[in-house]
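Asks: need a 3D model of the sequence below.
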Amino acid sequence: MAEDKEIRYDPATIEPKWQERWAADPTLYAADPVTSGKPKYYVLEMLPYPSGQLHIGHVRNYSIGDALARHMWMRGYNVLHPMGWDAFGLPAENAALKNHTPPREWTLSNIAGMKRQFQRLGMGFDWATEVTTCLPDYYRWNQWFFLRMYERGLAYRKKSKVNWCPECATVLANEQVIDGRCWRHEDTLVEQRDLVQWFFRITAYAQELLEGLDKLDGWPEKVRTMQRNWIGRSAGTEVEFGVENRSEKIRVFTTRVDTIFGATSVQLAPEHSLVASLTAENPGLKVQVAKLLEEQKSAREAGDVGAIDKHGVPTGHFAINPYSGELVPIWVANYVLSDYGTGAIMSVPGHDERDFEFATKYAIPVRRVIAPADPAAEEPELPFLSEDGVLINSGEFTGLTCEAAQSKLQQIAAEKGFGEAKVTFRLKDWGVSRQRYWGTPIPMIHCERDGIVPVPDDQLPVLLPAQVEITQQGGSPLGRVPEFVNVACPKCGGPARRETDTMDTFVDSSWYFYRYTDAKNSTAPFDPAIAKYWFPIDQYIGGVEHAILHLIYSRFWTRVMRDLGLITNDEPARRLFTQGMVIKDGAKMSKSKGNVVSPDDMVGRYGADSTRMYALFAAPPDRDLDWQEDGVAGVSRFLGRVYRLVMKYAPLARTATTAAIDAPAGLSLKLLRKLHQTIAKITLDFEGRWHFNTCVAAIMELVNEIQAVDAQLAAGEVPAPVMRELLTNLVLMLAPFAPYIAAELWEELGGEGAVLRAPWPISNPDLAREDEIEIPVQINGKLVTVVRAPTGSAADVIEAAALAEPKIQSRIAGKMLVKVIVVPGKTVNLVVK
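Replies: Below you'll find the model as predicted:
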């Protein structure tokens, strides 16, 4: 065997050698045909934006998925592990302005660079399925889906108040506004503008999206809660108040119609249609309402309308309570929003904190109409609301429970035609229009004669023009390209103009994972039969920051495709994992903080295996990881120890036959026990907990135990078959985490084929079992000591061992032993008096 000092681990030599070999084998990471008969496993990390270079956060995210994919390949699964690029977006336009580089050229150059980084890191992606969303072979299908949605009324156009980022010079969806600021530009306040926009009717699926969350038990509860809150279902009653001496009606939605006798005013949003009529008749009111509207606009732009300093003005008009006929004053209030609910509320200050605050400020009457169900209960301070109360001061409904009153009042509203049961959602339709160049052109045409005309399917894709002046001013850049804009109407042949808005880039990422299954299809988005085999995704991996935007849009898109007959699944992914962030020096990595770590630097110094393995070892994958270069160096030293260990004893291991090991004993049994315990632990972690940090730690413990007896190994005290089993399985367990060194050592051990396709080791429970186990002993539920007993001991043997323990005898001396409870292999509890 070779001497340790002659063996040197050199990842700079080993890794490029294997990278070249892997690149020469296009089938290595390719999925088998759907007819393979193997169980399928679709593992997917969220596709990256090609911003220029990978960062350490990418390394962590993709190392998690790659380890899982490699493990499942070794378990005999048919694995799909693809990669692509979320390639449209504003940064490309910013780069065009800054560097005078066309967005397409900048984007494709970045993709090439990031792809080289992925390959150097040894990521096991099937590049034959690569998807690039900015290329026409992909975005033509965005346009195709848009047309299908338009045909079904799911894509429509309307004038709307939109979120406008001055820095992006484009519209943002509600989900892209965070605390009143742009999700890309954290210091830029978002403005409110009125624009004609295209929308997807995601609200048509609101109830189904909400109900579907209950079935996603493989998703983090945090993500499901965030989506439930965003969808925001409210069940209640919509009722109609008349207006004294006027023909208009005011519709309000309330979840507590049982409090309607406590309504002492009705409040309207500044942009409510009735307000427009009233201000047209009253110039003084118009001035006051304009001030309220400006306050509301400022609060929207600050991102927290709920925290607005509440102001209102009385209109001098009165609404008519449909149940009691009571006249209540109509106010205009700055905290009531025209695009939320009906834009009007009935104000019940006795039982709503917000209404109470407003009524107190303006001396509006406060009336109690709900009381505790228990007559003896102390009268609560207002505002007070309870589901279990009873009605008071509510006419003929006084004395009814809240639940009974809600049902009765709802029934009367329906019978008399002034109301109905209603479900509302916080979720709004998805605004998809963007006033920028680098996105999918919306395939619609504006004809002078025929209005809006869809582009025919046989004219797809509508191509982005190659040369466009990008200024981020004055609307969409496409509007300044006459050869793009001016077109013959496909319906009448007359002069027409193309739509110049492009689609929100979240359209691209809403269905890309389906395209992976059939990425070269030129006649359809994908083959439904192939998609049916692969979906739902077995494991999806990405950041929790996508809980609302990407994940809710992709769930919507999946349902649309299902209803188009393309797929049969309701949800895109069976399981979701959200990894923690990578931070450095206590802060999230960012260029502005100067704490960004380049993967290329780490790979250059320590190798790809060490960089990847540290990303998995330094913290549980769902927790934040504080990057420490010393830790990468430590992993590199460990891999050097593994390399020297295997290389030293590989010649001995290769002399062994593959026959089973007969009755191992002594040192061989001790080492094999540790080996099979490690196999069991890592296998269990891959199947559920994903504690890859403890997986790596377990491999380290195994190596430590083997190296601790190096003198005995060198003396030949462990036979070749045992050494072969130890080293072979060590390498196999290392393979998902450090693929380069595993490939090198697998070849050195004489392993057949690629280590990636070698069977995952199976733990032998008999070998993994300890001869003796420690059993805790309690007295009256409190731990006193532990005793050792042979594995599998009967209850009476364990009881005898516990009672013979000196600490136990001294504690129970002079006391009555009432009962001894033995859980074999687990615990002993003595009950004494």
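Asks: which parts of the chain belong to which domain?
Replies: Taking automatic domain parsing as the reference, the chain has its domains at 141-210+223-229+430-506, 233-425, 599-768, 772-832.
Asks: work out the sheet partners of the lowest-mean-pLDDT helix or strand in the chain and label each with its direction, please.
Replies: Using mean pLDDT, DSSP states H and E, strand 170-172 stands out as the lowest-scoring helix or strand of the chain, at a mean of 77. Neighbouring strands of strand 170-172 in its sheet, by DSSP bridges, are strand 155-165 (antiparallel).
Asks: give me the mean pLDDT for the partner strand.
Replies: What strand 155-165 shows for mean pLDDT is 87.
Asks: how far out from the middle of the chain is it?
Replies: 26 Å (CA atoms, centre = their mean, to the nearest Å).
Asks: now do the SS call for Val366.
Replies: Here Val366 is recorded as coil under DSSP: H, G, I helix; E, B strand; the rest coil.
Asks: make CSV out of the domains of the chain and add mean neighbour count and distance to Asn94.
Replies: Heads up, the C-betas are built off the backbone N, CA and C, glycines and all. Converted to CSV, those look like this (neighbours: other CB atoms under 10 Å; distance: least, CB to CB, whole Å):
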stretch, mean neighbour count, distance to Asn94
domain 141-210+223-229+430-506, 18, 8
domain 233-425, 18, 22
domain 599-768, 19, 23
domain 772-832, 15, 62
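Asks: dump the ones you listed into TSV; add distance to Arg515 as well.
Replies: Listed next are the domains of the chain as TSV, based on distance: least, CB to CB, whole Å:
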stretch	distance to Arg515
domain 141-210+223-229+430-506	7
domain 233-425	30
domain 599-768	25
domain 772-832	51
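Asks: which stretches in the stretch 51-200 of the chain count as strands?
Replies: Under the criterion DSSP state E, counting those that start in this stretch, strands of the stretch 51-200 of the chain are mapped to 78-80, 84-85, 131-132, 155-165, 170-172, 177-178, 181-182, 191-200.
Asks: actually the stretch 651-800 of the chain, not the one I typed
Replies: 772-779, 782-790.
Asks: out of the ones you listed, which is closest to Leu756?
Replies: Nearest of the strands of the stretch 651-800 of the chain to Leu756, taken as CB to CB: strand 772-779 at 36.7 Å.
Asks: what does that closest one contact?
Replies: With CB atoms under 8 Å, 6 or more residues apart in numbering as the contact definition, strand 772-779 has outside contacts at 783-791, 798, 801-802, 805, 808, 811-812, 825-830, 832.
Asks: average pLDDT across the longest helix along the chain?
Replies: In the chain, assigned by DSSP state H, the helix with the most residues is helix 629-654. Averaging pLDDT along helix 629-654 yields 96.
Asks: how far off centre is that helix?
Replies: For helix 629-654, the distance to the chain centre is 37 Å (CA atoms, centre = their mean).
Asks: which of the strands of the stretch 51-200 of the chain sits closest to Pro621?
Replies: Minimum separation from Pro621 across those (CB to CB) falls at strand 78-80, 19.1 Å.
Asks: in the sheet, who's paired with Pro790?
Replies: With DSSP bridges as the rule, Pro790 is bridged to Glu772.
Asks: quick thing: my sequence starts at 854, can you match it?
Replies: Okay, residue one is now 854; in that scheme the one you just asked about reads as Pro1643.
Asks: quick check: the gap between it and Ala1654.
Replies: Noted for Pro1643: a distance of 10 Å to Ala1654, by CB to CB, to the nearest Å.
Asks: equivalent analysis for Arg1641, please.
Replies: In terms of CB to CB, Arg1641 sits 8 Å off from Ala1654.
Asks: and if you look at Gly975?
Replies: 51 Å.
Asks: can you check Pro1425 too?
Replies: Applying CB to CB to Pro1425 and Ala1654 gives a distance of 55 Å.
Asks: any idea how far apart the tips of stretch 1292-1310 sit?
Replies: 19 Å (CA to CA, to the nearest Å).
Asks: okay, now the unreliable bits of the protein?
Replies: 854-858, 1026-1028, 1154-1157, 1325-1327, 1444-1445, 1511-1513, 1624 (pLDDT under 70).
Asks: picking up where we left off before, now the strands of the stretch 904-1053 of the chain in CSV, with distance to Val1306?
Replies: Listed next are those as CSV, based on distance: least, CB to CB, whole Å:
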stretch, distance to Val1306
strand 931-933, 39
strand 937-938, 32
strand 984-985, 30
strand 1008-1018, 12
strand 1023-1025, 23
strand 1030-1031, 33
strand 1034-1035, 34
strand 1044-1053, 14
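Asks: for Val1456, find the nearest of those strands.
Replies: Short answer: strand 937-938, nearest of the strands of the stretch 904-1053 of the chain by CB to CB, at 21.0 Å.
Asks: packing partners for that closest one?
Replies: helix 956-973, strand 984-985 (3 or more CB pairs under 8 Å, 6 or more residues apart in numbering; DSSP states H and E).
Asks: for these, give me a markdown table that also has mean neighbour count and distance to Leu1602.
Replies: Below are the helices and strands packed on strand 937-938 laid out as a markdown table (neighbours: other CB under 10 Å; distance: least, CB to CB, whole Å):
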| stretch | mean neighbour count | distance to Leu1602 |
| --- | --- | --- |
| helix 956-973 | 18 | 25 |
| strand 984-985 | 21 | 38 |
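Asks: right, and these - which one's nearest Ser1375?
Replies: The nearest among these, by CB to CB, is strand 984-985 at 13.8 Å.
Asks: and the closest one, how far from the chain's centre?
Replies: With CA atoms, centre = their mean as the basis, strand 984-985 stands 21 Å off its chain's centre.
Asks: that one packs against which elements?
Replies: By 3+ CB pairs under 8 Å, 6+ apart, strand 984-985 packs against strand 937-938.
Asks: pairing partners for the strand it packs on, with directions?
Replies: As assigned by DSSP bridges, strand 937-938 forms pairs with strand 984-985 (parallel).
Asks: other residues contacting the strand it pairs with?
Replies: Here strand 984-985 makes contact (CB under 8 Å, 6+ apart) with 900, 935, 937-938, 940, 961, 964, 991, 1365, 1368-1369, 1372.
Asks: please redo it, this time with the cut-off set to 6 Å
Replies: 937-938, 940, 991, 1365, 1368, 1372 (CB atoms under 6 Å, 6 or more residues apart in numbering).
Asks: cool, stretch 1642-1658 as well?
Replies: Residues contacting stretch 1642-1658 (CB under 6 Å, 6+ apart): 1622-1623, 1625-1626, 1628, 1630, 1638, 1640, 1661, 1673, 1675, 1677, 1681.
Asks: where do the strands of the stretch 1054-1203 of the chain begin and end?
Replies: Under DSSP E, counting those that start in this stretch, the stretch 1054-1203 of the chain gives strands at 1086-1096, 1102-1107, 1118-1121, 1165-1173, 1180-1186, 1197-1200.
Asks: with just CA atoms, put the first one into CSV.
Replies: Read that as strand 1086-1096. Taking C-alpha atoms only, strand 1086-1096 is exported to CSV below (Å, rounded to 0.1, in the frame of the first residue of the first chain):
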residue,chain,number,x,y,z
ARG,A,1086,-61.2,34.8,1.6
SER,A,1087,-64.1,36.6,3.4
ALA,A,1088,-67.6,35.1,3.6
GLY,A,1089,-70.5,37.5,4.4
THR,A,1090,-73.4,39.4,3.0
GLU,A,1091,-73.6,42.1,0.4
VAL,A,1092,-76.5,44.5,1.1
GLU,A,1093,-77.8,47.6,-0.7
PHE,A,1094,-78.5,50.9,1.1
GLY,A,1095,-80.8,53.3,-0.7
VAL,A,1096,-79.9,57.0,-0.8
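Asks: who does that strand pair up with?
Replies: strand 1102-1107 (antiparallel), strand 1165-1173 (antiparallel), strand 1272-1278 (antiparallel).
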